[in-house]
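**Q** Provided below are the primary sequence and the corresponding predicted coordinates.
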Amino acid sequence: MINKICQGIEDAVAGIEDGAVILVGGFGNAGEPIALLNALAARKPRELTIVSNNAGSGDEGIGQLILGGCVKKFICSFPRVTGADAFDKMYEEGLLELELTPQGTLAERIRAAGAGIPGFYTRTSVDTPLAEGKEVREFAGLDYVLEEAIYGDVALVKAAVGDRWGNLTYTMSSRNFNPVMAMGAKITIAQVGEIVDLGGIEPEQVITPSIFVDKVVEVEA
Amino acid sequence: MINKICQGIEDAVAGIEDGAVILVGGFGNAGEPIALLNALAARKPRELTIVSNNAGSGDEGIGQLILGGCVKKFICSFPRVTGADAFDKMYEEGLLELELTPQGTLAERIRAAGAGIPGFYTRTSVDTPLAEGKEVREFAGLDYVLEEAIYGDVALVKAAVGDRWGNLTYTMSSRNFNPVMAMGAKITIAQVGEIVDLGGIEPEQVITPSIFVDKVVEVEA
Amino acid sequence: MVEALNRNQVAWRVANDIDEGAFVNLGVGMPLNVLNYVPEGREIIFHSENGVLGMKPLEEGAEPNLDLINAGKQPISMLPGGAFFHHSDSFAMVRGGHIDVCVLGAYEVGQNGDLANWRLPNTKSAPAVGGAMDLAYGARQVYIMCDHNGRDGAPKIVKQCTLPLTGAKCVTKVFTDIAVIERADDGMVVREMAEGLEFEELQERTGAELRLANDWKTLTAPDIAPPEKRAR
Amino acid sequence: MVEALNRNQVAWRVANDIDEGAFVNLGVGMPLNVLNYVPEGREIIFHSENGVLGMKPLEEGAEPNLDLINAGKQPISMLPGGAFFHHSDSFAMVRGGHIDVCVLGAYEVGQNGDLANWRLPNTKSAPAVGGAMDLAYGARQVYIMCDHNGRDGAPKIVKQCTLPLTGAKCVTKVFTDIAVIERADDGMVVREMAEGLEFEELQERTGAELRLANDWKTLTAPDIAPPEKRAR
C-alpha cells in the first residue's frame, strides 16, 4: 500500500542535506510551511539555498533558519517584508547572498524545472539591471531575456488537505507558490491541516496531484 | 454588469475571420466543442489554421470544417484517429498542410503564448526529424530544441459549467487541452453544459478563471 | 491657488478611469487604495499577483482571514465570481497580456515612458522587485499613480530616468495630485490639470516636456478626506 | 520447442516488473493492456497523457463515460485518489521527469537504445506522433513491449534503427514474446529467455548484439489466453 504519510514532523524533514536547494511555498505568511521550516532549522543544516518569494519574517519559519545560520543564499523576488529583521541584518553584514529575480520569472523558472524546460524567454527585466549578463534575443521585433530553470532538491509546502498518495488542496490565497514549488523539486514534503482517506478529495478538485508529492505530515493549524 | 453570455451559438462564433488561427480544445471526442465548430462551419470561413490534438473524426466538429473546405492547415500531434476520413482524404490529395508537433510540445507551445513566452527549450524531438531546422542548444551537457509559441486568434473550448464572468469547470478527462487553449488565444469562446449564477463555482474550484474567457454559450449536452 | 487632489482623491480618479469588465492589477502601496473607490455598480475584476481574481476590500468589522490576502499582505475579501490559482498561472495572466490595466507607483517616469520604481540609490538594504517588472511589460496599460513632485520638490516625471529601470517605454498614463498625463507616441500629453493650475506652472514642476491636449479638462474629484498618517 | 508468451502474457510480465507506488504511463496499443494485469494488492498509479492519474480498467458491464477516456480514446474507470488536470500539467509530469516508467510499442529498437515507433516509410498517410517523443525522453525508464520479430521475421531489436527516431538512447528495457532484454551502458543484456530457447537462436533472431546475463532466468507467465483478434 502506498503511504506517504509521516508520523512526525521530524520524520518529514529527515534526510535533508547540507547545501541543499530548498524551494519554500508561501507568500508572506499565507501558505508558509512554518512547522516544516522550524523542524528543518532544529536539524541545524548548513549552507542551504532558500528559494521563496520573501525572506521570512520574525523568528519562525524562514526567519528561524536565518537566525540559526543555516542559509547561505536566497533566490527571491521580495526579501524585504515587515519583520524580515533576521534577513535584513545578515544581508547588510554581507553574510547572505541574494539572487533577486522578478516574481513572475521566479514562478516560471521553478515551473520550468518541473516541466523539463531548462530555459525560456521572457520580456520581464529587459533593459533593466536584472537582465545584466543574460542573453537577449529578438522574437517578432521585441527583445526577450533568456531565463534558466531553478531546480530544487527539496520543496517544503503547506496545504489544507492531503491524502496518503500525496494529493493536495489549498485554502484560498494560501495556494500561491505552493503548487509551483511542489513541481520543481526532487523531493516534495507537504504539511497539511488535515489528512483524508483516499478519494476524500474529488479528482476534479485536486490541485497538486500525487505525482508531485513524496511526504505528507499532518500539522495542527 | 459584466455579461459574457451569448444567447445563441451563432452569436458566439460571430466575427471569426477567414485566415484565423483557431485553437480547439478536446482530445478525441472528449471535450471537443462540437456545437461551436458546427456553427463556425456554417459560416463557411476560409483558410483557417486549426490547432488541436487530433484532426477530427466523422462529419461533425472539426470534420465538418474540413468537409466544408474551411481549413488550410493543421497544427496537431495525432491527426489520424479512427474516423478521421475527411482529414485523411484531403491530406492524401495534398489539400491540407500539416505541422506535426509532439503532444507535450503542442500543449507547452500554446501555454507559452498565453504566458508571454515566445520560445522555450525542450528535450522532446531532439535527434528526430521533428527537430529538423530548429535550433539545438546545450544545457548542462544535454541537447534541447528551441520551440516557439503558437498564438491563437480564437480558442473554442468545451466546459461543463460556466458563469457570466467566464469562469469555467470541466468534467473528468474532458478537461484535457481546453484550459490550455483558453490561455493561448486573443478571444476565447466556451460552450458549456450549464450556466450558473456568479458564485455558483467555488473560487477554489475554478479551473479556467474568467480572465481567459470572452464568450460563454449554453449548449445542451 | 492650485487645488491639488489628496492621495485618496487620486485613487478615486484612477478608479474612475477604469472601464467595466477590465481586469486590473494594483501595485503595493498607494495603488492598492484604488480598490476602495470603484464607482457604485461598475464591475471591475481586480487581480492580485498572489493568485486571486475578484478581490474586494475587507468589509468594515469583518474578521480578517490570514489565508486571504493581497499583494501587500493585507487582508481582503472576495466578490462572487472570484477565483484562486497558483503563482505560475497568476503570472501567466500578467506576462501573457491578459491584464488590461495595472496601477503602479513610481520614483521616476521618463518622457519616453520608462519606469523606475523598485530601487533607490545609496541604500545598504537588500533590493526587492516583486512583480513590478512582470507588470511593467505584461499589462496592456500601465497606469502610474504618484505625487507630482517629491518632498524636496523634484519632479517624478523626468526627461530621462536616472534610477535603475523597472521597464522601458511601458508607462501609458500618469495620475498625480495635479495632473493626468498620457504618453503618446510623440511625447507626454496633459489630459487634465488641477483647478487653478496654469500649464506653464505644470511644465515648470515637470522634468519631461509636456504638451497640453486641445480638449484638456479640469482634474477634479469629490470631497474625500486624505489618508490618515500611518504610524511607523 | 520455444514457449513464447502471447501478448496478454507479455502485458502480465511487464505489469509484474513495476514496483508499488510507481507512476506509469502506458502507450497506445499493446501497452495499454498492462493495466489489466496489475498484481492483486499492488498499488501502481497509472498516468494517461490526456490528464488522468489513477486510472483503472472499466469494470465489466459498467457504463462507459465519454468524458472519461485514456490516451487510446477507450473508456476507463478511476481509483480513489485519482486526479484530473489539463494537458500542460500532464506533460509537465512527463517531460519534467516525474513519470517513473513508460511502456511503449516499437517498430525498431537500436542497440544503443534508440527508439523508432511513430513513422513507417513509404506511406501516403499523414504522420502522427502523439506523446511518444515526450515520453521517450521524459520518463525515467522507457520500457518497450513488442513482438520479438515482425510478421516477416525481421527483428525489432536492431543494430541501428533505419526508421525515423522517436528518441535517441532512451530505451531502458525491452519485453518481447521470447525475452526480456535490458540496455546497459555496454550493450544489450538478456535477463530472461523463453523456455526452450537457446541463446544462439535468440541472437539469431535479434539484430543487435546480445550478451547473456550470468543470472538470467526463464521467461514465464501464468496461463492467460491470447487477445482475441480485433475486427477491422
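**A** The structure has been received and is ready for your questions.
**Q** which stretches of the chain form helices?
**A** All of this refers to chain A. Counting by DSSP state H, chain A has helices at residues A:9-13, A:34-42, A:62-67, A:85-92, A:103-114, A:178-184.
**Q** Switch to chain C, please.
**A** Taking DSSP H as the test, the helices found in chain C are C:7-15, C:87-95, C:132-138, C:199-204.
**Q** Can you say which of those is nearest to chain B?
**A** With Cβ to the nearest Cβ as the measure, helix C:87-95 is the member of those nearest chain B (3.3 Å). To be clear about C-beta, it is placed using only N, CA and C from the backbone, and glycine gets the same treatment.
**Q** So, low pLDDT: which residues of the chain?
**A** All of this refers to chain A. A:221 (pLDDT under 70).
**Q** hmm, I had chain C in mind actually
**A** Applying pLDDT under 70 to chain C flags residues C:229-232.
**Q** Spell out which parts of it neighbour chain B.
**A** With Cβ under 8 Å from any Cβ of the partner chain as the criterion, chain C meets chain B at residues C:20-21, C:23, C:43, C:45, C:47, C:53-54, C:78-85, C:88-89, C:91-99, C:137-138.
**Q** what about 10 Å?
**A** Chain C comes close to chain B at residues C:20-23, C:41-45, C:47, C:51-54, C:68, C:78-85, C:88-100, C:134, C:137-138, as judged by Cβ under 10 Å from any Cβ of the partner chain.
**Q** Also chain A?
**A** Within chain A, the positions adjacent to chain B are A:104, A:108, A:111-112, A:115-124, A:137-140, A:142, A:144, A:146-149, A:151, A:160, A:169-173, A:175, A:202-205, A:207 by Cβ under 10 Å from any Cβ.
**Q** Now a PyMOL select for only the buried ones of the residues of chain C next to chain B.
**A** In PyMOL syntax, the buried subset of the residues of chain C next to chain B is picked out as below (16 or more other Cβ atoms under 10 Å in any protein chain shown):
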select buried, chain C and resi 21+22+23+43+44+45+47+51+52+53+54+68+78+79+81+82+83+84+85+88+89+90+91+92+93+94+95+96+97+98+99+100+134+137+138
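**Q** Near chain D, list only the ones from the residues of chain C next to chain B.
**A** Filtering the residues of chain C next to chain B for proximity to chain D by Cβ under 10 Å from any Cβ leaves C:88, C:92.
**Q** show me the contacts for residue C:178.
**A** With contact taken as Cβ atoms under 10 Å, 6 or more residues apart in numbering or on different chains, residue C:178 is in contact with C:2-5, C:10, C:147-149, C:192-197, C:201-202, C:205-206, C:219.
**Q** Just give me the residue right at the centre of the chain.
**A** Going with chain A. By Cα atoms, centre = their mean, chain A has its centre lying nearest to residue A:24, at 2.3 Å.
**Q** not quite, I wanted chain C
**A** Geometric middle of chain C (Cα atoms, centre = their mean) lands on residue C:103, at 3.1 Å.
**Q** Leaving out the residues flanking it, which one is nearest to that one?
**A** In space, residue C:103 comes closest to residue C:31 once its chain neighbours are excluded; the distance is 4.0 Å by Cβ to Cβ, 6 or more residues apart in numbering or on different chains.
**Q** now do residue A:33
**A** Once flanking residues are discounted, residue A:33 sits nearest to residue A:158: 4.1 Å by Cβ to Cβ, 6+ apart.
**Q** what's the answer for residue C:80, then?
**A** Spatial nearest neighbour of residue C:80, excluding adjacent residues (Cβ to Cβ, 6+ apart): residue B:199 at 3.0 Å.
**Q** Look up phi and psi at the one you found.
**A** Note on residue B:199: backbone dihedrals following degrees, to the nearest 10 are phi 90, psi -10.
**Q** Let me know the outermost residue of the chain.
**A** Answering for chain A, as no chain was given. No residue in chain A sits farther from the centre than residue A:141, which is 34.8 Å out by Cα atoms, centre = their mean.
**Q** um, chain C though
**A** Distance from the centre of chain C peaks at residue C:63, with 27.7 Å (Cα atoms, centre = their mean).
**Q** can you pull up the bridge partners for residue A:51?
**A** Going by DSSP bridges, residue A:51 is paired in beta bridges with residue A:23, residue A:75.
**Q** Next, the contact list for it, please.
**A** Contact analysis of residue A:51 by Cβ under 10 Å, 6+ apart lists A:21-24, A:73-76, A:99, A:101, A:106, A:109-110, A:113, A:150-152, A:155, A:177, A:181, A:184-185.
**Q** Might you name the residue of chain A sitting closest to chain C?
**A** Closest point on chain A to chain C, by Cβ to the nearest Cβ, is residue A:104, at 3.3 Å.
**Q** picking up where we left off before, any chance of the helices of chain A in CSV, plus mean neighbour count and distance to chain D?
**A** CSV is the format used below for those (neighbours: other Cβ atoms under 10 Å in any protein chain shown; distance: least, Cβ to the nearest Cβ, whole Å):
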stretch, mean neighbour count, distance to chain D
helix A:9-13, 19, 17
helix A:34-42, 23, 21
helix A:62-67, 24, 26
helix A:85-92, 19, 30
helix A:103-114, 29, 5
helix A:178-184, 29, 6
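**Q** Show me where chain A has its strands.
**A** For chain A, strands defined by DSSP state E occupy the ranges A:21-24, A:48-51, A:71-76, A:97-100, A:119-122, A:136-139, A:142-148, A:152-162, A:168-169, A:185-195, A:215-218.
**Q** how far away is the closest residue in space to residue C:110 that isn't next to it in sequence from residue C:112?
**A** Once flanking residues are discounted, residue C:110 sits nearest to residue C:161: 4.4 Å by Cβ to Cβ, 6+ apart. Taking Cβ to Cβ, to the nearest Å as the measure, residue C:161 falls 9 Å from residue C:112.
**Q** list residues touching both of those two?
**A** residue C:168.
**Q** Give me the more crowded residue out of those two.
**A** Remark: of residue C:161 and residue C:112, residue C:161 carries more neighbours, 22 against 16, as counted by other Cβ atoms under 10 Å in any protein chain shown.
**Q** and that one, what is it in contact with?
**A** Residues near residue C:161 by Cβ under 10 Å, 6+ apart: C:106-117, C:168, C:207.
**Q** out of those residues, which one sits closest to residue A:36?
**A** For those, the minimum distance to residue A:36 (Cβ to Cβ) is 34.3 Å, reached by residue C:117.
**Q** Verify the stated contact: residue A:98 with residue A:88.
**A** No - between residue A:98 and residue A:88 there is no contact under Cβ atoms under 10 Å: 11.2 Å.
**Q** Mutual contacts of those two, please.
**A** With contacts defined as Cβ under 10 Å, 6+ apart, the residues adjacent to both residue A:98 and residue A:88 are A:55, A:79, C:126.
**Q** all strands for chain C, in order.
**A** Remark: strands assigned in chain C by DSSP E are C:23-26, C:45-48, C:52-57, C:76-84, C:101-104, C:108-110, C:115-116, C:141-145, C:157-158, C:173-175, C:179-184, C:187-194, C:210-219.
**Q** These: which one's closest to residue D:73?
**A** The closest of those to residue D:73 is strand C:76-84. By Cβ to Cβ, the value is 30.6 Å.
**Q** got the strands of chain A as JSON lines, with distance to residue B:33 columns?
**A** As requested, the strands of chain A are exported to JSON lines (distance: least, Cβ to Cβ, whole Å):
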{"stretch": "strand A:21-24", "distance to residue B:33": "37"}
{"stretch": "strand A:48-51", "distance to residue B:33": "39"}
{"stretch": "strand A:71-76", "distance to residue B:33": "41"}
{"stretch": "strand A:97-100", "distance to residue B:33": "43"}
{"stretch": "strand A:119-122", "distance to residue B:33": "29"}
{"stretch": "strand A:136-139", "distance to residue B:33": "30"}
{"stretch": "strand A:142-148", "distance to residue B:33": "32"}
{"stretch": "strand A:152-162", "distance to residue B:33": "32"}
{"stretch": "strand A:168-169", "distance to residue B:33": "28"}
{"stretch": "strand A:185-195", "distance to residue B:33": "35"}
{"stretch": "strand A:215-218", "distance to residue B:33": "37"}
